[in-house]
Every structure is written in C-alpha cells, then in structure tokens.
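[1] Sequence and predicted model, in that order:
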Amino acid sequence: AIRVQDCWAPDINAESDNSFYSTTGTSYGVSISNATMYGRVRGQYLNARHAVTVGGNTEHGVAWELLVQATGSAHPDATQGVFDSHGTSGSVIWDGCTAIGSAATQRGFGSFARRTVIRNCRVIGAKYGLYLATATHTIESLEIDGLEMVNPITGGNAVLLDSVRVNDFKVRNLRGKWGAFGVDILATATIDRWAPFTDIYADDGAIFRILAGATTPAVLTIANCKGEFASQNDTYAGVFLGDADVTQLTMQNVETKNVRYFLQTSASAPATVELLGCRSITPLRHHVNLGAAATLVKVIGGEYSNPGTAAQSLITGAGVPVSTTVELMGVKTSGANLTPILGNTYTTVAHFGNDFHTTSIFSGTPTELLGGSLNGALVLRGTGTPESAVTAPVGSLFTRRDGGAGTTLYVKESGSSSTGWVAK
C-alpha cells in the first residue's frame, strides 16, 4: 500500500485492505526502509503479509526512532508477524498497536530492531505475542511494558526468545490467555542484563521458563505475577528454571493455581531461593521441587495449600540435601495431603511464627533454629549431642529431642566452631 524510503519525519495515517497476497515481498500495509528517521505510522492495515514492516541495509542506512500506533491484521495465508522489523532497522516503538492474527499467523510482533519498545499493545488470535528467533545480530534493548494476548492459538507464549542475543531485557505488564508461558527463554537465547519481571498474569498458562543452555544473568527477580490453569495441569510449573546461570532467585507476591509445581528447577538450581509473600494453590505435585543443591531456601509469609489426593510437600527434591538451610517464617499451610512440610533431610531448619496445619513438619531430624538469628546467639533443637556437630556462637542454647537427665539442655560457652557445648 505505502512504501517509504530515505525520509525525514514522515507522518503516515492511512487505511488499506489487500485484495491479493504474496510471499515475495509485496502485500505490505506500510513498508519503511533505509535511512528513514523519526517517522510515525497510524491507521489501519488489513489482510497484509505484514501490516507494518521496517527494514534497511548497511549500505543505504537504517530506520531510527520510528513510532507505530496502528491496527493491523494478517492475511489468512500469512505465516509471519503482523508487525515486523528487520535486524537492519535501528529503533522502533510499537505504541498502542493492535495485531490481529489468523490461524496460521506465528506472532503479533517480530521486532528484530536493535532497539525495540512494545507499549500497551494487544495481540488477537496469534500464537505468540513477540517471537524472536535466529537473529544474526545483537539486539541492544528489548522493552515490553504492556502486552495483552487475546484468544491465542493453543500452546503459544506472550514472549518467546530463541537463537537471539539481547543486551538489555525488560518485561512487565503482560496480560492474557495462553496455553504455555508468559515469558519463555529457550536454550539458544543469551540475555546479558535483565530487569525484574513484574506484573505478568497468565490466564490458563504459566508465568516463566528458562531452558537449560540459555545464558542469563545470575540474579533473577519475579514479582507481582499470577499464573493459573482452569483445570489441573501436569505439564507446566508456574516458574521453571533449567538454567545454570541463575544463582539467586527471588519470587515476591507470586501466585499460581492448578500448575504442576509452583517452582521447579533442574539439575542446575539457584544456590539461594527466596519466596516472599507467595501463594500456591492446588499444585498437582509439590509446591517447590529443587533439582540441585541449594545453600539457602527462605520462605517468608504466604500460603500453600494441597487439597489433592496424594501426599506432597512444601519443599522437596534433590536440591535440598543435608547441606541446605531452610528458613520458614510466617508461612500458612493447609490441605490434608500437604505432609510432611519438608520432604527431605536438612542440616538446619529455622521456623518462626508459622501456621502449619500438621505436626508432620520434617522428613528427617534436622537441627531446628527456634530463636535468635543465623548471625547471632541461637536457640536450637535437635537430636544427639551438639558437641563437635553443631556450629553456633557463644551464648547459644541447644535442646535435645532424645535427651535425658543432664543431657537435655546444652549451652555454648566457648569457641566459634562446633565445640564448646556444655551439658546442663
């Protein structure tokens, strides 16, 4: 319909409806290419191969600071993105766009520009909101702040990264209904830096996944997110980490319902896991299933319920062996089949002010931290003598579950290691 090349600040506001379709470069709504700077595209472009496409080349220049505020729909035979930008384009802002797909359309946005912003946009009837795959260049910045998926093709994702490298990645305010994940980072993707992932709501879908082999930052924060399925799902965890690069995971105010697990990690789990004020209802299996050794698992506040038919645990898996410290503070549990609370053996368990529905808390016989702090004098409970077995600072107290006369209470009177305990 419209082709713009080597223009300064074009302002396009038009309507088009293609009567034919071609896969060889025609049947676009608007085509922007080469050194086109500070352009604006509005209007409605229907039945297109791409409603708006942006390109360029190294010889003739690239498009920079293009603002698109349009509605577009894909031709029934189209199999690519409704809105599209090539890797040869500079920076594109998709603002308030509506992308209408068809049964064959892969994605609402396929934006490979060096800098992309997707802001307050909707994708209707496509499989993916944003799908980036097989980029030969590095994407400098990818920011999504407001993307809604409506009636997507089953099994899609709001954001899918595959065979692409992104320097700066920021996602917040994802909404909608999809059959897979809000954010899905495949094994071939590389992320250099990312901001906390916030305000992701998946209706009949999960929240977040990283597959093993992906290259990512070490610290991951997921906050104010919700993922739920209409019925019990035995395929997807609310959050799945298969990536060895994440060493510190914080999930804050995250809620799931009817998922396989609230959190699942592979054989390369984070060393530190923090769950702050989260809510997990009716997972088919355990709430937290860690696949590798974690140094510290901390659960503060929140509610975890298992009304199912099989015995499950709040925390379990190969990732919580005897070397793990578990802290449970202000946690509420419910459900006859959530037992024991901890499904593995641990060195130290700190638990304060919890509302557990069962007295079956431990799978083994860990040392319990009942008071104090991990960095000061402690109040501990365990089995056997603490001498040469339990490390604590001077002034700490230890009570034995299996103690007798003169061997029930111990006081740490000297030393900073595991020696210096005196029975009272």
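    Cool, the structure landed. Predicted model only: the values in this text are computed from it and were never measured.
[2] List the buried residues in the helix or strand containing A14.
    Using DSSP states H and E, A14 maps to strand 11-17. Using 16 or more other C-beta atoms under 10 Å as the test for burial, strand 11-17 gives 12, 16. The C-beta positions use only the backbone N, C-alpha and C, and glycine is treated the same way.
[3] With stretch 355-369 instead?
    Those would be 356-357, 361-363, 366-369, for stretch 355-369 by 16+ other C-beta under 10 Å.
[4] Need the residues that contact that stretch.
    The contact list for stretch 355-369 (C-beta atoms under 8 Å, 6 or more residues apart in numbering) reads 313, 322, 326-327, 331-335, 338-351, 378-383, 386, 390, 401.
[5] now with 6 Å?
    332-334, 339-346, 348-350, 378, 380-383, 390 (C-beta atoms under 6 Å, 6 or more residues apart in numbering).
[6] still on that earlier bit, what lines up beside the following helix or strand past the strand holding A14 in the sheet?
    Sequence-wise, the next helix or strand downstream of strand 11-17 (DSSP H and E) is strand 30-33. Strand 30-33 has its sheet partners listed here by DSSP bridges as strand 2-5 (parallel), strand 52-54 (parallel).
[7] Quick check: which of these is nearest to T265?
    Closest to T265 of the strands paired with strand 30-33 is strand 52-54 (C-beta to C-beta; 38.6 Å).
[8] remind me which residues of the protein are low pLDDT?
    23-26, 56-61, 88, 308-310, 319-323, 345-346, 363-365, 373-375 (pLDDT under 70).
[9] show me where the stretch 101-250 of the chain has strands.
    Shown for the stretch 101-250 of the chain, the strands assigned by DSSP state E, counting those that start in this stretch span residues 107-111, 115-124, 128-133, 138-150, 157-162, 165-176, 181-185, 190-194, 197-203, 206-210, 219-228, 239-241, 248-257.
[10] got these as TSV, with mean neighbour count and distance to W64 columns?
    Formatted as TSV, the strands of the stretch 101-250 of the chain follow (neighbours: other C-beta atoms under 10 Å; distance: least, C-beta to C-beta, whole Å):
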stretch	mean neighbour count	distance to W64
strand 107-111	28	14
strand 115-124	21	9
strand 128-133	25	19
strand 138-150	20	12
strand 157-162	25	23
strand 165-176	20	17
strand 181-185	26	27
strand 190-194	17	22
strand 197-203	22	28
strand 206-210	27	32
strand 219-228	20	32
strand 239-241	26	36
strand 248-257	21	36
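[11] Please name whichever of the ones you listed is nearest to S19.
    strand 115-124 (22.2 Å).
[12] mind checking how far the closest one is from the chain centre?
    19 Å (C-alpha atoms, centre = their mean, to the nearest Å).
[13] report the angle between the axes of it and strand 157-162?
    140 degrees (axes from the mean of the first three to the mean of the last three C-alpha atoms, to 10 degrees).
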